[in-house]
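# Okay, sequence plus prediction incoming.
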Amino acid sequence: MGDRIGLPAKMLHDIVARAEQASAGKWRAVGRRIVAGEGALFDALVPRNGLPENARRNAEYVAAASPGAISQLVNELFRLRRAINDADRRVEEAEAEAERMRSEMKRARAVAAAVTLPTNTKATATAARLADQIKQRAPEVGLLVDSLAAIARARAEVEGEE
């Protein structure tokens, strides 16, 4: 199963690499200025036909998208990506196990059907062969198979007495 998240890992690694090369420290907005540590990095411009208030809002946004914040976001994205891929893998495994169990259930039904067949040598041989196959493929149902075989033997004895 492929990765379902559309952003390529290389792009995300490039973003983190660029963030690591940017000015270190906590970024914050002071008016329309973006500051890291004690030094100003740059001023947010007033957009053409815009209000000075827009420059302050832009500075706050850029400061919120500091290199540290971007690195944290990308790392969280990688963590969530791994969790999704792990969950997908577990779902696939569960689906395979459910299919295996459905198959074993079909075999168990075949044994149960063989137990209800008229008791003759061919039916007894078929039931025994199916019981052995089920025990080999699903040992955890061996007790059930043995119980069904005992019921079949008891039925044969009762029918033989009539």
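Great, that's in hand.
# Which is the succeeding secondary structure element to the one helix or strand Val111 maps to?
Per DSSP states H and E: Val111 is located in helix 67-115. Using DSSP H and E, the helix or strand that directly follows helix 67-115 along the chain is helix 121-137.
# rewinding a little: how far off helix 121-137 does the helix holding Val111 point, in degrees?
Per axes from the mean of the first three to the mean of the last three C-alpha atoms, to 10 degrees, the angle that helix 67-115 makes with helix 121-137 is 160 degrees.
# give the contact list for Val111.
The contact partners of Val111, by C-beta atoms under 8 Å, 6 or more residues apart in numbering, come to 127, 130-131, 134, 145, 148. All C-beta spots, glycine's among them, are computed from the backbone N, C-alpha and C.
# okay, it: pLDDT?
Listed pLDDT for Val111 reads 73.
# Which residue comes closest to it once chain neighbours are left out?
Leu130 (4.7 Å; C-beta to C-beta, 6 or more residues apart in numbering).
# One more: Glu104?
Ala138 (4.6 Å).
# Over to Ala131?
Val145 is the one closest to Ala131 (C-beta to C-beta, 6+ apart), at 4.6 Å.
# Neighbours of the one you found, how many?
23 (other C-beta atoms under 10 Å).
# before we move on, what about Met105?
Residues near Met105, counting by other C-beta under 10 Å: 12.
# From Asn58, how far off is it?
Separation of Met105 from Asn58 (C-beta to C-beta, to the nearest Å): 63 Å.
# And for stretch 33-46, what's in contact with it?
23-30, 32, 52, 54-56, 58-59, 62-63, 66.
# Low-confidence regions, the protein specifically.
1-5, 114-124, 156, 159-162 (pLDDT under 70).
# which residue is nearest the middle of it?
Closest to where the C-alpha atoms of the chain average out (C-alpha atoms, centre = their mean) is Ala87, at 1.1 Å.
# What separation is there between it and Val74?
Ala87 is 20 Å from Val74, by C-beta to C-beta.
# From the contacts of Val111, pick the one nearest Val16.
Ranked by distance to Val16 (C-beta to C-beta), those are led by Ile134 at 54.1 Å.
# show me what contacts that closest one?
By C-beta under 8 Å, 6+ apart, the contact set of Ile134 is 104, 107-108, 111, 141-142, 145.
# 10 Å - rerun?
Residues near Ile134 by C-beta atoms under 10 Å, 6 or more residues apart in numbering: 104, 107-108, 110-111, 141-142, 144-145, 148.
# Likewise for Ala17?
Ala17 neighbours (C-beta under 10 Å, 6+ apart): Ser71.
# Does it lie in a helix or a strand, and which?
Assigned by DSSP H and E, Ala17 falls in helix 9-21.
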